[in-house]
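# Just need the structure, nothing else, for what follows:
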Amino acid sequence: MVRDKTIQLTADGKATLEAERRTLRDEHLPDLERRIHDLSEFGDITDNGEFDDLKEEHVTTGARIAELDYVLARAVILEPDAADGVVRLGTRVTLRADDGEEESWLLVSPQEANRSRGSISTDSPVGKAVLGCREGEAATVTTPRGSITYQVVGVA
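Sure, this is the predicted structure:
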């Protein structure tokens, strides 16, 4: 039997995914089902764009719940270890770009990456480039607009 690969998540990342699953399953999906039921009870749905949109959203929501179930069933909480100063999954890294601008990111698995919450995936171009670096080292990221070199100024 093939064993499923574990998915490493931070404790906060796992909690966020669990909350998303709970909201989708307990609030959003029942609301969609109620709205679909109401539309089908009160009229012709053969050429109803709203009905079609709701059905599509229902399928998409169900797929996202299934994806979250899959991830959370295989989740292993990652214990951060930045004591040795090496950038790895679960560490917060502060980078200085060529232009002097500094940014700080928590490196996480692709399943929990969320730029608006200050985390990037280890599979992202920047994440891949800085993995394994130490404070003081530099990494170059190639983008469609050219290359950017990041200096690692902190690892926590």
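
# K5 belongs to a helix, doesn't it?
No: read with DSSP: H, G, I helix; E, B strand; the rest coil, K5 is coil and lies in no helix.

# what's the top strand by length along the chain in contact with?
In the chain, assigned by DSSP state E, the strand with the most residues is strand 146-155. Here strand 146-155 makes contact (CB atoms under 8 Å, 6 or more residues apart in numbering) with 82, 85-87, 91-98, 102, 104, 126, 129-130, 133-141. Using the backbone N, CA and C atoms, a C-beta is placed for each residue, glycine as well.

# just stretch 59-71 next, same as before
So stretch 59-71 is contacted by I7, L9, L17, E20, R21, L24, R25, H28, L29, L32, Q111 (CB under 8 Å, 6+ apart).

# Flag the shaky bits of this structure, pLDDT-wise.
1-3, 44, 46, 80-83 (pLDDT under 70).

# 80 - rerun?
Scanning the chain for pLDDT under 80 picks out 1-4, 42-48, 79-84.

# how about the helices in the protein?
With helices called from DSSP state H, the chain shows them at 11-23, 29-41, 49-73, 125-130.
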